[in-house]
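**Q** Kindly generate the corresponding structure for this input.
(one chain, ligands or ions: 1)
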Amino acid sequence: MDFLNSFFSGLGITEFVRPSIGITDVLDILIVAYIIYKVIFWIKETRAWVLFKGILVIFAFAAVAALLKLHTIIFVLSNTINMGIIALLIVFQPEMRKALEQLGKGKIFSYFTRGEDAGDEKAAARTVNEIVKAADKMGAAKTGALILMEQEVPLGDLERTGIPIDAIVSSQLLINIFEHNTPLHDGAVIIRRNRVAAATCFLPLTDSNEVSMELGTRHRAAIGASEVSDAHVIVVSEETGKISVARGGVLYRDLTPEQLKNMISEQDHQSAKKKLAIWKGRQDK
Ligand SMILES: Nc1ncnc2c1ncn2[C@@H]1O[C@H](COP(=O)(O)OP(=O)(O)OP(=O)(O)O)[C@@H](O)[C@H]1O
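**A** Got it, this is the predicted structure:
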């Protein structure tokens, strides 16, 4: 303290007021810093990043206008800022929804819901095997398919667009659902905890313009569904018979049955989540 006083008196500042910082202030600063860090991280992960850079340009423009006293520009900018905030909320409604869903499926909540699935491991492994078997056979026969495996984000909204099934997953059932010219073959199947919940479900199409032109609406729907949920979305191409998986907005194409199995089994999902940031930039073009 003496050192600080002599330092400031050396600078000609005689009265040194020490701000009183308590433990709650430190906690407060740490929480705010963490939230800002998370928001920046989230912005960088979504298309909000491009928009964020655009906003920075506008701020720089406003600063220059204020510096040069360009009154008309300042007037226009200050009167449109409120509208701009509302426009941002509307444009980024899907991203904000996703962020809130991710917040909701965080550790605290999953801790309380994990118990429900205890003892289900054997059935889950069987389900994975049946799905892989079905995908492999449908690929060989060039039967198009679209299958969502629900994870933590509930798919009730998507499920309601289809026809309820509620049957134990089997490769025969899946192959039968996607058989051409049958009433259930169009759209997606949703699988929830080892049961086929619904078929003919309609999924949101991705609006990403980074998706290859050679991919049609089935693959776009798979990517779209994986953007709004954490589901494993399996696609079998009717045209090529190739198997792909969409997860977190990324399409992993041309998978072997073994790779598919690894991707959709739970342990792999956890490690894949960690790798997601690395894969993010490798979205198929
Ligand atoms: N929004 C959607 N939700 C669910 N299923 C969809 C959706 N859009 C298309 N599909 C399914 O995809 C089929 C059309 O696939 P399309 O040929 O356009 O896609 P693709 O990506 O080229 O796939 P493929 O390689 O199998 O031809 C539809 O008959 C329907 O079953």
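
**Q** Domains of this protein: list them as residue ranges, please.
**A** Following automatic domain parsing, the chain resolves into domains at 2-104, 121-275.

**Q** Lowest average confidence across helices and strands of this protein, where is it?
**A** The helix or strand of the chain with the poorest confidence is helix 266-280; it has a mean of 44 (mean pLDDT, DSSP states H and E).

**Q** hmm, back to that, which one of the domains of the chain is the most hemmed in?
**A** With neighbours defined as mean count of other CB atoms under 10 Å, those peak in mean count at domain 121-275, which reaches a mean of 18. Glycine gets a C-beta too; all of them are placed from N, C-alpha and C.

**Q** Can stretch 252-264 be said to contact the ligand?
**A** No - remark: stretch 252-264 sits outside contact range of the ligand, by CB under 6 Å from any ligand atom, the gap being at least 10.8 Å.

**Q** Name the surrounding residues that touch that stretch.
**A** With contact meaning CB atoms under 8 Å, 6 or more residues apart in numbering, stretch 252-264 is reached by 128-129, 131-133, 135-136, 149, 232, 234, 242-247, 268-269, 272, 284.

**Q** do the same with stretch 137-150
**A** 131, 134-135, 155, 158, 171, 174-175, 178-180, 187-193, 197, 201, 203, 218, 221-222, 225, 229, 231-243, 264.

**Q** now, which of those residues lie within helices?
**A** Among those, the members found in helices (DSSP state H) are I131, A134, A135, L158, S171, L174, I175, R218, A221, A222, A225, I264.

**Q** Restrict the host helix or strand of M96 to CA atoms and write it as PDB.
**A** Assigned by DSSP states H and E, M96 belongs to helix 93-104. Listed next in PDB are the C-alpha coordinates belonging to helix 93-104 (Å, rounded to 0.1, in the frame of the first residue of the first chain):
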ATOM      1  CA  GLN A  93     -34.500 -16.900 -33.400                       C
ATOM      2  CA  PRO A  94     -33.400 -20.500 -34.500                       C
ATOM      3  CA  GLU A  95     -29.900 -20.000 -33.100                       C
ATOM      4  CA  MET A  96     -31.200 -18.600 -29.900                       C
ATOM      5  CA  ARG A  97     -33.700 -21.400 -29.600                       C
ATOM      6  CA  LYS A  98     -30.800 -23.900 -30.100                       C
ATOM      7  CA  ALA A  99     -28.600 -22.100 -27.600                       C
ATOM      8  CA  LEU A 100     -31.400 -22.300 -25.000                       C
ATOM      9  CA  GLU A 101     -32.000 -25.900 -25.700                       C
ATOM     10  CA  GLN A 102     -28.300 -26.700 -25.300                       C
ATOM     11  CA  LEU A 103     -28.500 -24.800 -22.000                       C
ATOM     12  CA  GLY A 104     -31.400 -26.900 -20.900                       C
END
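
**Q** Would you convert the ones in helices among the contacts of stretch 137-150 into JSON lines that also reports pLDDT?
**A** Formatted as JSON lines, those follow (pLDDT from 0 to 100):
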{"residue": "I131", "pLDDT": "97"}
{"residue": "A134", "pLDDT": "97"}
{"residue": "A135", "pLDDT": "97"}
{"residue": "L158", "pLDDT": "92"}
{"residue": "S171", "pLDDT": "97"}
{"residue": "L174", "pLDDT": "97"}
{"residue": "I175", "pLDDT": "97"}
{"residue": "R218", "pLDDT": "96"}
{"residue": "A221", "pLDDT": "96"}
{"residue": "A222", "pLDDT": "97"}
{"residue": "A225", "pLDDT": "95"}
{"residue": "I264", "pLDDT": "92"}
